[in-house]
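Please find the sequence and the predicted model below.
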Amino acid sequence: MPPAPWKTRSSKPIYENKWMRLREDIAEMPDGRTTVYGVVTFGECVGVLPFVDENHVALVRQYRYVFGENQRWEMPTGGVKSGESPEVAALRELREEVGYTAQRLVPVSTYYTSKSICDETAHLYLGYDLARSALPPDDTEFFEVAVFPFDEVLEMVVRSEIRDGMTVIAVLHAARLRTEKERGLG
């Protein structure tokens, strides 16, 4: 039998900007006690691992303020705007970040980026049959773009050089699909 749900007794907005909202809830647990619960809402996000050909992918690198890093590669990712489908958002992010559009998007995963205090759902795709089609990046984005052999990217994930969860998951799914195809299972 699944655990009993908690009940929200009150909810108070704490902070908001264009990327996220923070609220503080008073939640009643199944045994009747209450607790303070902080929730950060980001909404939906997308990521695309773009295959420029069968064996190469385009990645981006940018300064990541939270970790103070500028050396890690990742796939194009970003938020889903109001009224946008995840597929449309994925194609837009691909155009903004690497200057391509994909004629074919293959969904590989939809998951919660954090299961406890963050309300964010990620939609991951593999992008194929790319064509040049650039859009300007967002005003806070400054990228370096490079093309890598997929096998090298997989090794970067295995060695924890790539640490972005969306990229890690997409690369591992792509590796699984490639193995299935080689074995004649896909």
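Sure, I can see it.

And the longest helix along the chain, what's buried?
Scanning the chain for the longest helix, with DSSP state H as the assignment, gives helix 165-182. Judged by neighbour count (16 or more other CB atoms under 10 Å), helix 165-182 contains these buried residues: 165-171, 173-175, 178. Backbone N, C-alpha and C define where each C-beta goes, glycine included.

before we move on, what about stretch 24-42?
25, 27, 37, 39, 42.

List of residues touching it?
3-12, 14, 19-23, 79, 113, 117-120 (CB atoms under 8 Å, 6 or more residues apart in numbering).

if you set the cut-off to 7 Å instead, what comes out?
3-4, 6-12, 14, 19-23, 117-120 (CB atoms under 7 Å, 6 or more residues apart in numbering).

what about it, how long is it end to end?
Distance across stretch 24-42, first residue to last, is 15 Å (CA to CA, to the nearest Å).

which residues are contacting the longest helix of the chain?
Here helix 165-182 has contacts from 47, 49, 74-75, 77, 108-109, 113, 122, 124, 126, 150, 153-154, 157, 162, 186, using CB under 7 Å, 6+ apart.

go on, stretch 122-130?
For stretch 122-130, the external contacting residues (CB under 7 Å, 6+ apart) are 44-52, 86, 90, 94, 100-111, 113, 166, 169-170, 174.

Sounds good, over and out.
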